[in-house]
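Asks: Following is a predicted model, sequence given first.
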Amino acid sequence: MVIAGFVIPSPGLSTPDPEYGDSSEYRPLAAPSNPELLIVPAIKLRAPIIPISMVLEGGVNVLHPPEDYREVGWWKSSAKPGSPSGQTLLTGHTVHTGGGVMNKLGELRPGAAVQIKTKRGTVEYLTTKVFVYTRAQLAKHSEELFSQDRPDNRLVLVTCTGWTGSEYTSNIIVFATPLGVRKNDDEPR
Amino acid sequence: MNRRVLRFGAIIGAAAVSALAVSPVFAAAPVSQADAQSLQLSLAGNSLVTQTKTASNDGTTETTNNASTLPDLVSLIPGNNAIKAGVAIQSAKANKDGTSYACAGLAGTGGGLVTVGTESCNLEGGPLTLDLGSLDLDLVNLLGGNGAISTALNGVLGSTLAPVLGGLQTVVSQLTGALASTPLNIGLSGGLSVIEASCVANPTKATGTVNLLDTSGDKSIPITLTLAGQKLTLLNLNVDVPAKPGGTDVLVNLNTVLDALKDALLTQIATMLQGQLAGITDGALKPLLDTVIGTIVAPLVNALEPLLVAVSDNLLKITINDVTPGDGGRSVKATALKVKVLGAAAPFLNGAGLVDATVGKVSCGPNRAIVDTPTPTPTPTEEPPGTPTVVDSGVSGADHTTRDVLMATTALVLLAGTAGLIGYRRMLLTK
């Protein structure tokens, strides 16, 4: 198994998939809907999504992903997939020894496809930006990263990085823009 | 949208918490309640009948005490100081639907309780003779004791008979002793068929009624006084008065009582004086004595009048038709008849002969409707305002690695063991 892990090639740098380029193939989701499943083919991420809340800890607003490191958390005060505005914030754990649901988020590249499955259909997104902020930078830019004042909708994926042997010092942040639901998607509307 | 939902949730949560805070108050109060007492009676300050039937319901179970039947009144009430009645009935019922009722009172022999479903009850009965009290008044004590009597007698006799009576003090002593050994009998009585109070209550309203009927169904019942063998009507008890809080006091004709007392006393004293002075046979003195007796009795009685007024004022107090609502109309107390005989004259009576009775007393409510206890709604956790400034999405893998290593080691050991067993079996087969 260990050997197999080395043999299987890492997805590495993703390139835009031509399948996700044509906006005429998409339609909006009938109505905003709670996210249920996150699929990122490029990094083989497929994980259930559960709602999570922000908590106040020591005077700081903290968002904790689900305790189960194989699940992804949706900040339930953020926009639902299909919303015309705001930001949809998803976060999952990175485990420095491996196995965290978002361990490979940093390997994602602009143009990579992201899918969020809801009861009304699967909304597809196109990755537009992958970058790292220190904790201090994230705190400083939290409004622009996570506020719901944004006029158009954006997907934001966040996990941790920068393991020092005792703590994580930074966050990986991924922006993705919604394309919509494929017109041939036969999910219930 | 989300914030609206959160606000709505917060309001629902707050309402639920408030309901929970209030609910213990409701939990402590019974759903329905009623009690009934047919007769409360004390004689000479001693309680003889106090039993009350009580009923309450917590919404599932009715709790009652076993006091529906009173002990035999005849055996309870000593001598002739009695309220004699056919049947003393009291019933109270508390239903789990928030309704309750009670009825209590006295009915004539053969009477009984009539219950109307689970809603109400009333009494029915044959003629009932109500003996309100027969009192043997100790006149000497009633009128102030030996000292007071002697002073009065001395005052009258001394000025008129002293010249002709040598042993005045002896005569006074004899007269006082005769008064003390001849008690004045007072009897009060009336005829009724039913004395009843009843009530019903539901969660919003309680009503009470009282019912006093004489044997012929009239609404005017004569209460008679028998004094020194003479019977006179003290009052006509008009029971056809509207019920009201506190009831209606029935006024006794005090002048009638006072005149009766004075007449009785005058006759008695005159009779005794004549007896005491009967030994005087002097023909010249006899007419004078008759004149003197006629002259002194009236002043003697007049001298005692303040005491007689005190007796007559407190001879009888009757209150009827008391229906008093409470709790904003959700409860009611009803009492048919209260009787107090010589209540304030106790010091003169050596504690004997006092009657203090309440006949037909009920209460219903306050009741309440059964409400489903609201299911506690967990208070939604209010998120702080703003956006996350920390996303704590990193996990130390120590536990995870240890677990994976243990699982891998276990798998390898099992694999090696299995391979070893297979190899050993092959070796045995090839031999």
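Replies: Thanks, I have the structure now.

Asks: Who are the contact partners of residue A:38?
Replies: A:45-49, A:72, A:90, A:92, A:114-117 (CB atoms under 8 Å, 6 or more residues apart in numbering or on different chains). The C-beta positions use only the backbone N, C-alpha and C, and glycine is treated the same way.

Asks: Check these for burial and list the buried ones.
Replies: Taking 16 or more other CB atoms under 10 Å in any protein chain shown as the criterion, what is buried in the contacts of residue A:38 is A:45, A:47, A:49, A:72, A:90, A:92, A:114-117.

Asks: what about the residue in the stretch 51-200 of chain B positioned nearest to chain A, how many neighbours?
Replies: Using CB to the nearest CB, the closest approach of the stretch 51-200 of chain B to chain A is made by residue B:59 at 39.0 Å. For residue B:59, the count of nearby residues is 17 (other CB atoms under 10 Å in any protein chain shown).

Asks: That one contacts residue B:370, doesn't it?
Replies: Yes: shown here, residue B:59 and residue B:370 form a contact pair, counting by CB atoms under 8 Å, at 5.1 Å.

Asks: beta partners of residue B:94?
Replies: residue B:100 (DSSP bridges).

Asks: Pull the contacting residues for it.
Replies: Contacts for residue B:94 were tallied using CB under 8 Å, 6+ apart; they are B:30-34, B:55-57, B:62-64, B:100.

Asks: Try it again at 7 Å.
Replies: For residue B:94, the contacting residues are B:30, B:32-34, B:55-57, B:62, B:100, by CB atoms under 7 Å, 6 or more residues apart in numbering or on different chains.

Asks: what's the burial count for residue A:131?
Replies: Neighbours around residue A:131, by other CB under 10 Å: 11.

Asks: Same check on residue A:28?
Replies: Residue A:28, neighbours per other CB under 10 Å, totals 15.

Asks: same check, this time on residue A:165
Replies: Considering only other CB under 10 Å, residue A:165 is surrounded by 6 other residues.

Asks: can you check residue B:385 too?
Replies: By other CB under 10 Å, 10 other residues sit near residue B:385.

Asks: so what pLDDT did it get?
Replies: Residue B:385 carries a pLDDT value of 89.

Asks: Need phi/psi at it.
Replies: Note on residue B:385: its backbone torsions stand at phi -70, psi 160 [degrees, to the nearest 10].

Asks: And it, how far from residue A:133?
Replies: Distance of residue B:385 to residue A:133, given as CB to CB, to the nearest Å: 22 Å.

Asks: Just to check, residue B:249 is in contact with residue B:319?
Replies: Yes: Residue B:249 is in contact with residue B:319 according to CB atoms under 7 Å; the separation is 5.3 Å.

Asks: Break down chain A into its helices, ranges please.
Replies: A:2-7, A:135-140, A:142-146 (DSSP state H).

Asks: Near residue B:119, how many other residues are there?
Replies: 13.

Asks: which ones are touching it?
Replies: By CB under 7 Å, 6+ apart, the neighbours of residue B:119 are B:101, B:200.

Asks: can we see that at 10 Å?
Replies: Residue B:119 is in contact with B:93, B:95, B:99-101, B:200, B:202, counting by CB atoms under 10 Å, 6 or more residues apart in numbering or on different chains.

Asks: Most neighbours out of those residues, which is it?
Replies: Counting by other CB under 10 Å, top hit in the contacts of residue B:119: residue B:100 with 32 neighbours.

Asks: surely that one meets residue B:206?
Replies: Yes: Residue B:100 is in contact with residue B:206 according to CB atoms under 10 Å; the separation is 8.6 Å.

Asks: shared neighbours, those two?
Replies: Taking CB under 10 Å, 6+ apart as the criterion, residue B:100 and residue B:206 both touch B:34, B:199-200, B:331, B:363-367.

Asks: Which ones among those lie within helices?
Replies: Taking DSSP H, every one of the shared contacts of residue B:100 and residue B:206 sits outside helices.

Asks: Render the CA-only coordinates of stretch A:62-74 in CSV, please.
Replies: Written as CSV, here are the backbone C-alpha positions of stretch A:62-74 (Å, rounded to 0.1, in the frame of the first residue of the first chain):
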residue,chain,number,x,y,z
VAL,A,62,-13.2,31.1,14.5
LEU,A,63,-14.5,28.7,11.9
HIS,A,64,-13.9,25.1,12.7
PRO,A,65,-14.3,22.4,10.0
PRO,A,66,-16.2,19.3,11.0
GLU,A,67,-14.5,17.1,13.6
ASP,A,68,-14.5,14.3,11.1
TYR,A,69,-11.5,15.1,8.9
ARG,A,70,-13.1,13.3,6.0
GLU,A,71,-16.0,15.8,5.9
VAL,A,72,-16.2,19.3,4.5
GLY,A,73,-18.0,22.1,6.4
TRP,A,74,-20.2,24.8,4.9
